[in-house]
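Chemist: The following block contains a protein sequence and its predicted model.
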Amino acid sequence: MSRPRLLALQRSPLGPLWALLLMLTPAWIAVASALYLSGEIDLWFRDWSEPLVELLRSWPQPFAEIFAGDYGFITMGPLLLVWATPVVVIHSLLMSMYKVSGFLNHLTTAMSPWLRPFGITGQELARVVMGFGCNVPAVIGTKSSPACYRGSCVSAITFGSACSYQLGATLAVFAVAGRPELVITYLLYLAATTLAFVRLITRPSGRYPLNVLTSNQLDLLNWPHPREIWQEAQSVIIEFLKRALPIFLLMTAAVSILQWLGALQAASVVIEPTMAIFRLPSEVAPAIVFSSVRKDGILLLAEPSIATSLSAIQLLTAVYLAGVLLPCLITCLTVMREHSRQFAFQLMGQQAVAAIGFSCLLAWSGAWLWP
């Protein structure tokens, strides 16, 4: 059996840097392509939905608020269907192409020398990348990681793997605010703080410089067949379409009823001092709370009066804090099942403390460097 040849990524001193850029390329292509497609679709969708919104606003309360209010399903629906869905589909297809071709294995192996001081290797990074589809199978996949790396890998997934819901919602928020270019800044800061978080919590044994990969076997590179790419990507895409819509409907209905009852305004008064720590207005609090349960709760930041009122650094801080404050509920339950309750609660506590610290750093240093 022929052995795969080392690529320039493994031979060059700058190989890890090139590998990192190539790992981020699918996200960049997905965002750029989705912006173009969504811009075209959004015009058609709004021409169709605006008359319907006006009609629904004449309905009795709370139905008018649920369907056509500031957080209503028809009002917020385009953010999920028009902006988030193209990102999920394009990114899933590109990452599946990386995996099926064997190229993903080469990228993660090339990055191992730079990653080991942080407590993970390229093999663990592959599972973190898997988490960009969904955190749950990525967490389950850490079973095959060595004991000294497994905890760090799970922490990196729950903190830094922006799942399909989170990445699509993030693009939608930036697009509504007219700042789609912030996606790249967001991803770079997310990657940097994920490495810092893992470095802070990892055991010394996981950072030992003489540790080697459990398997140095590289996959043979091959030209991926479209059917193989689709088979790899379809589970993520179908899962997104099957689960996102009903949960999004429930979330918008809940927030709309709270808005109608005046509960959001009352809660804003209580939460305002907390949001001030991050230089954020109290109106962003519901998105941060709902995102701790479901990552597509970030879409609540896309309410036009909120998205357009925030500065660039405030928008970055709000989206970042909502995304990393806590793992989503399903991921938390998976970590408990795969590890233990003690490990899961410890992880959530560590992540919340780190998220608050990194968000404060972003908010206050960003306001000084990027007024």
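Modeler: Yes, it's here. Numbers count the residues shown, from 1 in each chain.
Chemist: C-alpha only now, for contacts and for neighbours.
Modeler: OK.
Chemist: so where's the stretch 251-371 of the chain uncertain?
Modeler: 251, 264-265, 267-269, 370-371 (pLDDT under 70).
Chemist: Helices along that one, start to end?
Modeler: For the stretch 251-371 of the chain, applying DSSP state H, counting those that start in this stretch gives helices covering 263-276, 285-291, 304-307, 312-324, 329-338, 341-369.
Chemist: what packs against the second one?
Modeler: It refers to helix 285-291. Applying 3 or more Cα pairs under 8 Å, 6 or more residues apart in numbering; DSSP states H and E, we find helix 285-291 packed against helix 263-276, helix 312-324.
Chemist: Let me know which of the ones you listed is the nearest to residue 246.
Modeler: Comparison of those against residue 246 by Cα to Cα identifies helix 312-324 as nearest, at 20.5 Å.
Chemist: helices or strands up against that closest one?
Modeler: Helix 312-324 is packed against helix 147-160, helix 164-176, helix 182-201, helix 285-291, helix 341-369, with contacts defined by 3+ Cα pairs under 8 Å, 6+ apart.
Chemist: residues making contact with that helix?
Modeler: Contact with helix 312-324 is made by 158-160, 162, 166, 170, 174, 179, 182, 186, 190, 278-280, 284, 287-289, 291-292, 295, 298, 301, 307, 351-352, 355-356, 359, 362-363, 366-367, 370, as judged by Cα atoms under 8 Å, 6 or more residues apart in numbering.
Chemist: How about the contacts made by residue 28?
Modeler: By Cα under 8 Å, 6+ apart, the neighbours of residue 28 are residue 184.
Chemist: And the average pLDDT for whichever strand or helix holds it is what?
Modeler: Assessed by DSSP states H and E, residue 28 sits inside helix 15-56. Here helix 15-56 scores 75 as its mean pLDDT.
Chemist: Equivalent analysis for stretch 230-246, please.
Modeler: For stretch 230-246, mean pLDDT is 74.
Chemist: so how far is it off the chain centroid?
Modeler: The chain centroid and the centroid of stretch 230-246 are separated by 16 Å, computed with Cα atoms, centre = their mean, to the nearest Å.
Chemist: Restricting the selection to alpha carbons, write it to CSV.
Modeler: Only the C-alpha atoms of stretch 230-246 are listed here, as CSV (Å, rounded to 0.1, in the frame of the first residue of the first chain):
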residue,chain,number,x,y,z
TRP,A,230,-23.3,15.3,-0.1
GLN,A,231,-23.5,12.2,2.0
GLU,A,232,-21.1,13.7,4.5
ALA,A,233,-22.8,17.1,4.5
GLN,A,234,-26.5,16.1,4.4
SER,A,235,-26.7,15.1,8.1
VAL,A,236,-25.7,18.6,9.2
ILE,A,237,-28.0,20.3,6.6
ILE,A,238,-31.0,18.2,7.3
GLU,A,239,-30.6,18.4,11.0
PHE,A,240,-30.4,22.2,10.7
LEU,A,241,-33.6,22.4,8.6
LYS,A,242,-35.5,19.9,10.7
ARG,A,243,-34.7,21.4,14.1
ALA,A,244,-34.0,25.1,13.5
LEU,A,245,-37.4,26.1,12.2
PRO,A,246,-39.7,24.8,15.1
